[in-house]
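# Could you look at this predicted model? Sequence included:
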Amino acid sequence: MINSAFYLTPDGKLIGQLNVEQITSFLATGKGLLWVDIENATSEDAQFLMDVFRFHPLAVADCVSKNIHPPKIDEFEDHLFIIVHGINYHTESDVVETTELGLFVGKNYVLTSHDVPMGSVASNLQRVQADGRPMRRGVDMLAHDIIDALVDNIMPTIDELDGKCTNIESEVVERPKKETLSSIMQFKRSIMALNRVMSPQRELVNSLARGDYPVISKKARIYYRNIYDHLARIEILTQNLRDLADSALATYLSSVSNRMNEVMKILSLVAAIFLPLALLAGIYGMNFAYMPELQWRYGYFVVWGVMVLVAISLVVFFKKRKWL
Amino acid sequence: MINSAFYLTPDGKLIGQLNVEQITSFLATGKGLLWVDIENATSEDAQFLMDVFRFHPLAVADCVSKNIHPPKIDEFEDHLFIIVHGINYHTESDVVETTELGLFVGKNYVLTSHDVPMGSVASNLQRVQADGRPMRRGVDMLAHDIIDALVDNIMPTIDELDGKCTNIESEVVERPKKETLSSIMQFKRSIMALNRVMSPQRELVNSLARGDYPVISKKARIYYRNIYDHLARIEILTQNLRDLADSALATYLSSVSNRMNEVMKILSLVAAIFLPLALLAGIYGMNFAYMPELQWRYGYFVVWGVMVLVAISLVVFFKKRKWL
Amino acid sequence: MINSAFYLTPDGKLIGQLNVEQITSFLATGKGLLWVDIENATSEDAQFLMDVFRFHPLAVADCVSKNIHPPKIDEFEDHLFIIVHGINYHTESDVVETTELGLFVGKNYVLTSHDVPMGSVASNLQRVQADGRPMRRGVDMLAHDIIDALVDNIMPTIDELDGKCTNIESEVVERPKKETLSSIMQFKRSIMALNRVMSPQRELVNSLARGDYPVISKKARIYYRNIYDHLARIEILTQNLRDLADSALATYLSSVSNRMNEVMKILSLVAAIFLPLALLAGIYGMNFAYMPELQWRYGYFVVWGVMVLVAISLVVFFKKRKWL
Amino acid sequence: MINSAFYLTPDGKLIGQLNVEQITSFLATGKGLLWVDIENATSEDAQFLMDVFRFHPLAVADCVSKNIHPPKIDEFEDHLFIIVHGINYHTESDVVETTELGLFVGKNYVLTSHDVPMGSVASNLQRVQADGRPMRRGVDMLAHDIIDALVDNIMPTIDELDGKCTNIESEVVERPKKETLSSIMQFKRSIMALNRVMSPQRELVNSLARGDYPVISKKARIYYRNIYDHLARIEILTQNLRDLADSALATYLSSVSNRMNEVMKILSLVAAIFLPLALLAGIYGMNFAYMPELQWRYGYFVVWGVMVLVAISLVVFFKKRKWL
Amino acid sequence: MINSAFYLTPDGKLIGQLNVEQITSFLATGKGLLWVDIENATSEDAQFLMDVFRFHPLAVADCVSKNIHPPKIDEFEDHLFIIVHGINYHTESDVVETTELGLFVGKNYVLTSHDVPMGSVASNLQRVQADGRPMRRGVDMLAHDIIDALVDNIMPTIDELDGKCTNIESEVVERPKKETLSSIMQFKRSIMALNRVMSPQRELVNSLARGDYPVISKKARIYYRNIYDHLARIEILTQNLRDLADSALATYLSSVSNRMNEVMKILSLVAAIFLPLALLAGIYGMNFAYMPELQWRYGYFVVWGVMVLVAISLVVFFKKRKWL
């Protein structure tokens, strides 16, 4: 389904809301700049792309399929087909979803294709609508603006994950629960998934910036290099987050051991104090005919005294050995 | 044993069920397209391959041997010998078995050789039988179709492993058993075996897509690149599964510790409550001649009261320290 | 905001405290050597840099932005734009902060830009003020002096981290506390962050030393190679620190287990000694009508003797099995 | 010490049991094919090799020395010096020993040198003795046959290690003992040592197969490539074994925890059942003057009833919480 | 401080104990071979090196500085400056110290500089003194001899570490103590430090052997390749030692768990045997008016019998379940 289509005439006039016929005729002129955005491509759209734009069936199939394809650049005779990935982060479930954007970059057109609405495309469409700005600097800069917006949209997710990490960390230190472990593991998996989405794109953007493709003019390359820098920064940030997750995991596991230690100490203390005292009481509960202490006037009170003494000495002993 | 053999004449007629003499004569014409599929090659077949096709003895030996050989491309003067691997996943035992397909790709023939029946070969044979379709686009595309089907057949296994992983995860969280650990370890090993089978093939398919071999025409390369993308996707999916397995393992091991913690807390609680009370009972079971409390009218009931009080205070204390 | 600006005339005279007009006119001569240092660049400064120096808007944007950008070298027609990182280590919180320095190196000027005051810039400004020394050897050596000072400033941090590590190690061995774990983890994270800041700079400095950029004269390259060596040394030192941190972590975790072991042994010992004795006392506390021992003259003392004997044998037994 | 020496004359006659003079004269003809096998080279042999064959003193020193040298290919003007490694696996002690074979491959001779008798050399010597077969295909194929036999001799070790691994796995699952851990660790070390021996050889054989050395004819290269494939297969098999060892280790460590858990549960159960009952008995063992229950006709039996009731309810409670 | 200086005249006469003037004049002839060894270079020596030999100030600074610099080769117009590392192993403290040797290799001189006396330099000086041997084969072979001796000096350390490892292993298996853990960690750190010192030198020596520098003649390269092989062997040996250390660590940690298990079993056994018996004794210690068993003639002995029976059955039960 064609979501939006704009044409910038060679003399700088912007025409929007193009229909299929207009697209076909403007494309045929080979001049000006055409941007067609397709959302949720159907097999009908596929036919249109193959007939009018003469795109390769495999590239078109990638656009129609709902699967996620690895990021890549396919170079055809007169255009590039680029797949880049963005992310969609679901805060509640802490799941990082990958979104896919297909870009065809030709001499005088850019064609974008995606399955779900994408913020990076929408914001650029709005800016074009306003004054045609992103289209006035040529196809390579238009493609740049879209990819750049896609990459910039990742920063808020990093920030959110950062916040989540702070929560997890304080939870681990203050009151670790059973569920804490699975949050940590889920968080780590999100970070690793994010990393796996982003890191192949660095190489991809680098090859655009390096001048491997003539469609990207020399002037535009430095801008692509700028996207590369953003991706490098994202990689460093995700690595930091992963370090934090690893550290939270180690702290959690250790806190479980520490808690067990504490419980064991209490148990040992209780046993060490009460078992000797119980023995004492048991001894004077024996029924021997001749047990001189039993007849002492203050025997009972002496036993009480001994018991209190033993208990106190044991507590002091434990305190000294730092077991309490 | 020749399983199936087709010949597509230069004028597009399809002849099936070829016998050895027909294969020899059609091959000698150097025209049209011949596809011979050999299952469970015997030494007799080996002789036939060396005599008629003039294949190298080492390549033929790889076909006859029942061992698994690493995936590879051997380039000979006028043909390629390719070994690719598929997988056979046994759900019950969670074992990933590697299957091997040998492909000879010449100017006007494709020869496939395998030890066990392979879905990817069978499906293409059927399509050829129906209307000769996969053979009408040339040797390189025929080889592509077979390898592509082989790689596509891996996706259901990934899905099955994914389902298994979900089962394991819920088992770990809800009711971890002794056997859970070995399922996790077996699952992880399956994933790693799968990864080891697939990852060398990526490089192999890449070299076919890059145009290293003249047998693969320029037009066909983009299709091989497409297989490469599938393999890249499979790699990402298996990495995600491996993350899940690691996370399940950590959760399992931690749950064992947690259970121990719980049991220890019960033990400590029981000891901490009953040992002091037993001491109290022991004290009033002593046989001292002079123990004033014993003569008190309500001494016995006072002791009962004290015992109940101590027990309640201890439970409250434990509750407060979150040990219960 | 222009923090400082110096001009070294072709005949070796040094003029300081330049204003914007002077900078513009000296720059226009294309002779001598100009050093402009900008701190906390505003959008006004950005305009100045783009108008007078003709820097690329993206490079200027990197200077104005308060974000940390990955270290890099951008080559423009007649100048280089270099981003290098230093570190700011906060001892109390054990946090390694990255600071960023942007350098424009042209034919006859060096322009430095940073957000916070940087020791490496300040010390070189002072030396220039004194006798113009760092400026007398050309732009490439001036840039070298600044980057060199930046890298040298990292050594005190390494030393401080080294001291911290020694503290942690002795704490782990002598009296591990709950907080020790989080110090170890924080320390490890600092080391890894430091490593992530420094290691990309090695490659960067290497490319300057290798002669990839004509702005760096052949004579100056060996000096850049010297910075490279410093970075290599820093990398080895941080790796050693990381080993120490890993070893401290393992020791800490093991000490927790050891402590538990010790507590368990005490508990077992107490139970193993007092439970048998209590049984003995319990037996002679039974009220059977006919219990011959009870009537013995020294029965009571015999029991005492037996108890002491049992206790001593158990202690000896435990000592022998090294459980005490 | 010359172990064996054969000469194949240009017209295909085989002469064995050569003495030093014959070797020297046959070598001087520059025709035919000479194979000299030296076992346990002495300094006398060294002199002979340097004088007659004109080998480099360093290469000869490698042959004489009893140390293990890394596998390598040294190219000299008219011959190659190759060091390859085989293994000698001691089943009982599970130790993988490396054996070293030095090969000089010249235009018309192969010279092998080893310290201990090697199966791969012996089997080829036998085949030569029988009908001269391995020598009839040229120096490169003779060298190939020897190296191939060396690599093939590794497969039985892999099989033996595989069997050992199955033993360890069943031991871990059924009845883990203290010694099991050290078997696992020893097994893992054997696998890693094996891997370290084999993996550098892959690159070495690859360089022979790639045609880097003119001594290896184009026809022979595919045979070297075949050895490369064997090494690749061995690498995959050892990686699988390593996975199994890791998994056995995790299972062992977890089984230790599980056993502790079980013991703790028994302890807790015993304490939780008997401590309350003992308290009850203790209460009615007190000597208060006024304890109404003591006078009840069936008090004693009621207490017995209560005790049985409490015990049963606790067991049921534990069963319900799956602690038993 | 000039430690030693030799001059080999073009006609093979050896002159030792040179003073500064002699060095200057012999150097100026550009013929013969000069070896100057400097120990603990002062700033005066630095001046001499810069004035007479015309070395670069940075290279000279590396010699004067007491810091450890990364190993490297700096190529100057007519000489190489090489930094290589040796090690100094302190057995008692198990610390691996790095020592640094700077070598200037020119057309007709070798200049060595080190801070501490080095065995590899001393042994070569002695051999020169004896008959001038190491100097008679040219500068490249002289430099080779010195570096070779440096690398060979590492083997005894490897042997010592190997012995230490064997000690640790037997300690871990037989009687693990608290200190064992820190020995293991220290040992592992030593191994890793050793590895970090040696592995960059492999690449360095490789570049000398590869013929990157014209100062090293083609004939000498095979000798440098020989040093490379030694370094490769050292790397394999250290990796083996690291495996052993990892395995010792795992065994130690597991033995701690095992010991805890054993202690817990004793505790459980004691509790399981004595708590039931104590209950029995407690029951017959109750003071109910009507307890028929108490009046039985042999009640007391029956109870004794029951107790012994219970104890024996429990022990048998525990034996059967392998808990004892």
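Okay, I see it.
# Output the longest helix belonging to chain A.
Taking DSSP state H as the criterion, chain A has its longest helix at helix A:218-283.
# following that helix, which helix or strand shows up next?
Next along the chain after helix A:218-283, taking DSSP states H and E as the criterion, comes helix A:292-295.
# Sort out which residues of that next one are buried, please.
Neighbour counts using 16 or more other CB atoms under 10 Å in any protein chain shown place A:Glu293, A:Leu294 of helix A:292-295 among the buried residues. In this view, the C-beta of every residue, glycine as well, is placed from N, C-alpha and C.
# who touches that helix?
Residues from elsewhere that reach helix A:292-295 (CB atoms under 8 Å, 6 or more residues apart in numbering or on different chains): A:Tyr284, A:Gly299, A:Val302, B:Asn287, B:Phe288, B:Ala289.
# Return only those of those found close to chain C.
By CB under 8 Å from any CB of the partner chain, no member of the contacts of helix A:292-295 lies near chain C.
# Looking at these, point me to the pair that's furthest apart.
Greatest spacing in the contacts of helix A:292-295, by CB to CB: A:Val302 and B:Asn287 (14.4 Å).
# neighbour count winner among those two?
Ranked by neighbour count (other CB atoms under 10 Å in any protein chain shown), A:Val302 and B:Asn287 place B:Asn287 first, with 17 against 13.
# ok, for the more buried one, nearest residue in space, not its chain neighbours?
A:Leu294 (5.4 Å; CB to CB, 6 or more residues apart in numbering or on different chains).
# show me where chain A has helices.
Secondary structure of chain A (DSSP H): helices located at A:20-29, A:43-48, A:57-64, A:119-131, A:139-152, A:154-174, A:178-209, A:218-283, A:292-295, A:299-320.
# Just the angle for the third one relative to helix B:218-283, thanks.
Read it as helix A:57-64. Interaxial angle of helix A:57-64 relative to helix B:218-283 (axes from the mean of the first three to the mean of the last three CA atoms, to 10 degrees): 30 degrees.
# and what of the longest one?
Orientation note: helix A:218-283 sits at an angle of 20 degrees relative to helix B:218-283 (the same axes, to 10 degrees).
# Could I get the contacting residues of A:Ala248?
Residues in contact with A:Ala248 (CB under 8 Å, 6+ apart) are A:Cys165, A:Ile168, A:Glu169, A:Val172, A:Ile184, A:Phe187.
# Go again with 6 Å.
By CB atoms under 6 Å, 6 or more residues apart in numbering or on different chains, A:Ala248 lies in contact with A:Ile168, A:Glu169, A:Val172, A:Ile184.
# could you flag which of these are buried?
Neighbour-count burial (16+ other CB under 10 Å) is assigned, among the contacts of A:Ala248, to A:Ile168, A:Glu169, A:Val172, A:Ile184.
# and chain B, which of those residues contact it?
Checked against chain B using CB under 6 Å from any CB of the partner chain, the buried ones among the contacts of A:Ala248 yield no neighbours at all.
# do stretch A:50-63 and chain B meet at all?
Yes - using CB under 6 Å from any CB, stretch A:50-63 reaches chain B at A:Leu58.
# Check the offset of that stretch from the chain's centre.
Average the C-alpha atoms of stretch A:50-63, do the same for its chain, and the two points are 32 Å apart (CA atoms, centre = their mean, to the nearest Å).
# For that stretch, which residues meet the burial criterion?
Of the residues in stretch A:50-63, A:Phe53, A:Phe55, A:His56, A:Ala59, A:Val60, A:Ala61, A:Asp62, A:Cys63 count as buried by neighbour count, 16+ other CB under 10 Å.
# And that stretch, end to end?
In stretch A:50-63, first residue to last residue: 12 Å (CA to CA, to the nearest Å).
# could you give me the average pLDDT of that stretch?
Mean pLDDT, stretch A:50-63: 93.
# repeat for stretch A:315-324
79.
# anything in that stretch near chain C?
No - Stretch A:315-324 lies apart from chain C when judged by CB under 6 Å from any CB; the minimum separation is 6.6 Å.
# okay, now A:His114: neighbour count?
22.
# Low-confidence stretches in the stretch 201-324 of chain A?
Within the stretch 201-324 of chain A, the ranges that satisfy pLDDT under 70 run A:323-324.
# which ones are touching A:Ala209?
Counting by CB under 6 Å, 6+ apart, A:Ala209 makes contact with A:Arg221, A:Tyr224, A:Arg225, A:Tyr228.
# For the second one, which non-adjacent residue is closest in space?
Beyond its immediate neighbours in the sequence, the residue positioned closest to A:Tyr224 (CB to CB, 6+ apart) is A:Ala209, lying 3.9 Å away.
# Next: the first one.
The shortest distance from A:Arg221 to any non-neighbouring residue, by CB to CB, 6+ apart, is to A:Ala209 (5.2 Å).
# about what we covered before: would you check how far apart the residue nearest to A:Tyr224 and chain D are?
Separation of A:Ala209 from chain D (CB to the nearest CB, to the nearest Å): 34 Å.
# again with A:Ile227
Distance, A:Ile227 to chain D, by CB to the nearest CB: 37 Å.
# That residue - how many residues pack around it?
Counted with other CB under 10 Å, the neighbours of A:Ile227 add up to 23.
# Could you find the residue in the stretch 151-300 of chain A that comes nearest to chain C?
With CB to the nearest CB, the shortest gap between the stretch 151-300 of chain A and chain C falls at A:Gly282, namely 3.3 Å.
# Report how many residues lie close to the closest residue to A:Arg189 other than its chain neighbours.
Distances taken as CB to CB, 6+ apart place B:Asp243 nearest to A:Arg189, at 5.2 Å, with adjacent residues excluded. Residues lying near B:Asp243 (other CB under 10 Å) number 17.
# B:Asp243 and A:Phe187 touch, don't they?
No - here B:Asp243 does not reach A:Phe187: they are 11.9 Å apart, not a contact under CB atoms under 6 Å.
# For A:Lys188, the count of nearby residues, please.
Neighbour tally, A:Lys188, other CB under 10 Å: 22.
# show me what contacts it?
Contacts for A:Lys188 (CB under 6 Å, 6+ apart) come out as A:Ala245.
# rerun at 10 Å
A:Lys188 sits next to A:Ile168, A:Leu241, A:Arg242, A:Leu244, A:Ala245, A:Asp246, A:Ala248, A:Leu249, B:Asp243, B:Asp246, B:Ser247, B:Ala250 when contact means CB atoms under 10 Å, 6 or more residues apart in numbering or on different chains.
# got it, and A:Gln22?
By CB under 10 Å, 6+ apart, A:Gln22 lies in contact with A:Ala5, A:Tyr7, A:Ile15, A:Leu34.
# surely A:Ser43 meets A:Val64?
Yes - here A:Ser43 reaches A:Val64: they are 6.4 Å apart, a contact under CB atoms under 10 Å.
# If you count surrounding residues, which of these two has more?
Comparing A:Ser43 with A:Val64 by other CB under 10 Å, the one with more neighbours is A:Val64, at 18 against 10.
# Isn't the more buried one up against A:Thr42?
Yes - contact criterion CB under 10 Å: A:Val64 and A:Thr42 qualify, at 7.2 Å.
# Grab the nearest non-local neighbour of the residue of chain A found nearest chain B.
Of all residues in chain A, A:Ala281 sits closest to chain B, at 3.3 Å by CB to the nearest CB. If the residues on either side of it in the chain are set aside, A:Ala281 comes closest to B:Gly282, at 3.3 Å by CB to CB, 6+ apart.
# Could you tell me which residues of the stretch 201-324 of chain A lie near chain E?
The stretch 201-324 of chain A comes close to chain E at residues A:Ala271, A:Ala278, A:Gly282, A:Gly285, A:Met286, A:Asn287, as judged by CB under 10 Å from any CB of the partner chain.
# run the last query once more with 7 Å
Listed as neighbours of chain E in the stretch 201-324 of chain A under the rule CB under 7 Å from any CB of the partner chain: A:Gly285.
# which bits of the stretch 201-324 of chain A sit near chain B?
A:253, A:256, A:259-260, A:263-264, A:266-267, A:270-271, A:274, A:277-278, A:281-282, A:284-285, A:287, A:294-295, A:297, A:299-300.
# so which residue of chain A comes closest to chain D?
A:Gly285 (6.9 Å).
# No further queries at this time; thank you.
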